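J.: Take this sequence and fold it.
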Amino acid sequence: MRQHHICNRRLPLRDAGLLEFASDDPKVCDILDELALQRDREKGGRVWSATYEEPAPLLQLVTALQRRLAPEQYRSLRCRITYDDANDSGSDNGPAACPETDSSAYGEEDGWESVEFLFSRVGNDRISDLILHRRFTSYLQPIVRADGALFGYEFLLRPLPEHPPFRPAELFSIARESGLHSFLDREARNSAIRVAARHVPNGIKKFVNFLPSSLYRPTSFLQETVSAIRSSGMDPADFVFEVVETEELHDIRHLSDIFKAYRGQGIRLAMDDLGEGHATLETMERLQPDYIKLERDMVQGCHASLLKQSLIEKALERASRFGGTVLAEGVDDEKDWRYLRKAGVPLLQGYLFGRPSPVPVPAFVGA
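T.: Numbers count the residues shown, from 1 in each chain. A predicted model of the protein is given here:
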């Protein structure tokens, strides 16, 4: 059954589909012809199409169009993306593996949208071009034990040194508007794996962020990730994947399925920013992640705040019910470190121990 993509911040573009364009603007039509797209004569010759079986051709085409078209031409070009669910089932039983992307979520109308939704930018950079050409890398920030001994690193997305700066949170937010966040999330994970293989030995934990809403086929994506880890000579058991989600974590069943699949390969899971937004104690207890990261607003100044101390102690108690390990991030003050160590928080991360860096740096240990 064919389904059309609709604009929705939670719905990622899929890896394979049919991309169609329609326009009555002669200049836009000339550009579509120059890009060697196939004309559909049965539709009056005003519809061009291209199939893609992996993200790269889609990204190449979007980038080329965005480069060739003037902004005033955007509204004269419409596009439609269609998926064949029968060909996208794989081992995850198609989009039903993620209720956010089940068939009912996709458009049953004609599916045509203005092409503008695909033309997202961050600053002067096209998002599709950033992803296609991997114009980013991963920096490492140390995670330490309570005594300051190195435990692992978190891998954080950063622009290449020669590239204009961007804020990762903004980059992902804008990518969502175009449905490109799944492709970005995958390339960010792959970047972390490449950097880890170059710089971090086995036995050191490697924390890597991921967006649950980008994994519409969890088992297939897991196989790709594990294959990349093993082909780089690393052990999946050294990896911890962090749930990073700026939208409501409303699909707990989908997340639970992801956790189960990853744990089956020896990978551990972490829940980021406990205490902020939708990352609540109740969500933590339902998901039972291996690691629970306290968000920085709860941590910073905790040595002088009875309220923050109470929240931290409650998180420690609730995590102990299922054997979760608490990690405090945003530890920039030695007084906070002293309190957290006394309170029994086993893992710490923050500028006090080291800033994100393109190569591992020894974790600083205060007096």
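
J.: Tell me who's in contact with V208.
T.: 154-155, 189, 192-193, 239-242 (C-beta atoms under 8 Å, 6 or more residues apart in numbering). To be clear about C-beta, it is placed using only N, CA and C from the backbone, and glycine gets the same treatment.

J.: If we use 6 Å, what do you get?
T.: V208 is in contact with 155, 189, 192, 241, counting by C-beta atoms under 6 Å, 6 or more residues apart in numbering.

J.: Not counting its neighbours along the chain, what's nearest it?
T.: Nearest non-adjacent residue to V208, counting by C-beta to C-beta, 6 or more residues apart in numbering: A192, 4.5 Å away.

J.: Would you mind listing the buried residues in the helix or strand containing that neighbour?
T.: Per DSSP states H and E: A192 is located in helix 181-199. Neighbour-count burial for helix 181-199 flags 181-196 (criterion: 16 or more other C-beta atoms under 10 Å).

J.: and if you look at stretch 50-59?
T.: For stretch 50-59, a neighbour-count test (16+ other C-beta under 10 Å) marks 50, 52, 55, 58-59 as buried.

J.: And stretch 152-170, by the same measure?
T.: Neighbour-count burial for stretch 152-170 [16+ other C-beta under 10 Å]: 152-159, 166, 168.

J.: swap in stretch 21-29?
T.: Across stretch 21-29, burial judged by 16+ other C-beta under 10 Å covers 21-23, 28-29.

J.: List the residues that contact F21.
T.: 32, 48, 79.

J.: That one - that's part of a helix, no?
T.: No: according to DSSP: H, G, I helix; E, B strand; the rest coil, F21 belongs to no helix; its state is strand.

J.: pLDDT weak spots in the stretch 1-150 of the chain?
T.: The stretch 1-150 of the chain contains residues with pLDDT under 70 at 9, 41-45, 86-109.

J.: swap the cut-off to 90 and go again
T.: Along the stretch 1-150 of the chain, the parts satisfying pLDDT under 90 run over 1-3, 6-11, 36-46, 84-111, 123-124.

J.: count of residues packed around the closest residue to C7 other than its chain neighbours?
T.: Nearest non-adjacent residue to C7, counting by C-beta to C-beta, 6+ apart: F117, 5.2 Å away. Neighbour count for F117, taken as other C-beta atoms under 10 Å: 15.

J.: Next: the one 10 residues further on.
T.: I127 sits with 28 neighbouring residues when counted by other C-beta under 10 Å.

J.: Okay, the closest residue to it other than its chain neighbours and L65: tell me how far apart.
T.: Once flanking residues are discounted, I127 sits nearest to S120: 4.4 Å by C-beta to C-beta, 6+ apart. Per C-beta to C-beta, to the nearest Å, S120 is found 13 Å from L65.

J.: With D125 instead?
T.: When distance is defined by C-beta to C-beta, D125 is 16 Å away from L65.

J.: neighbour count winner among these two?
T.: With neighbours defined as other C-beta under 10 Å, D125 and L65 compare such that L65 has more, 23 against 16.

J.: Need the three-state assignment for the more buried one.
T.: Three-state call for L65 (three-state DSSP): helix.

J.: on that earlier part again, out of the contacts of V208, the closest to L352 would be?
T.: Nearest to L352, judged by C-beta to C-beta, of the contacts of V208 is F155 at 19.5 Å.

J.: Quick check: the closest one touching S138?
T.: Yes: using C-beta atoms under 6 Å, F155 is in contact with S138, at 4.3 Å.

J.: Give the intersection of the neighbour lists for these two.
T.: Here F155 and S138 have A192 as joint contacts, going by C-beta under 6 Å, 6+ apart.

J.: and A270, that's in a helix?
T.: No: assignment of A270 by three-state DSSP gives strand, placing it outside any helix.

J.: which residues of the stretch 201-350 of the chain score low on pLDDT?
T.: For the stretch 201-350 of the chain, the ranges with pLDDT under 90 are 210-224, 243-265, 272-287, 295.

J.: 80 instead?
T.: Applying pLDDT under 80 to the stretch 201-350 of the chain flags the ranges 213-221, 244-254, 273-281.

J.: one step back: closest one of the contacts of F21 to V331?
T.: Distances from V331 to the contacts of F21, taken by C-beta to C-beta, are shortest for C79, at 46.8 Å.

J.: Tell me how many other residues surround the closest residue in space to that closest one that isn't next to it in sequence.
T.: Once flanking residues are discounted, C79 sits nearest to V115: 4.6 Å by C-beta to C-beta, 6+ apart. Residues near V115, counting by other C-beta under 10 Å, number 23.

J.: Give me the number of neighbouring residues for the residue nearest to I127.
T.: Residues lying near S120 (other C-beta under 10 Å) number 22.

J.: I'd like to know how far it sits from E177.
T.: Distance of S120 to E177, computed by C-beta to C-beta: 5 Å.

J.: same thing with L294?
T.: Relative to E177, L294 is positioned 30 Å away (C-beta to C-beta).

J.: Return the mean pLDDT over stretch 179-193, rounded to an integer.
T.: Average pLDDT, stretch 179-193: 95.

J.: Run through the helices of the stretch 101-250 of the chain in chain order.
T.: 127-132, 168-177, 181-199, 218-231 (DSSP state H, counting those that start in this stretch).
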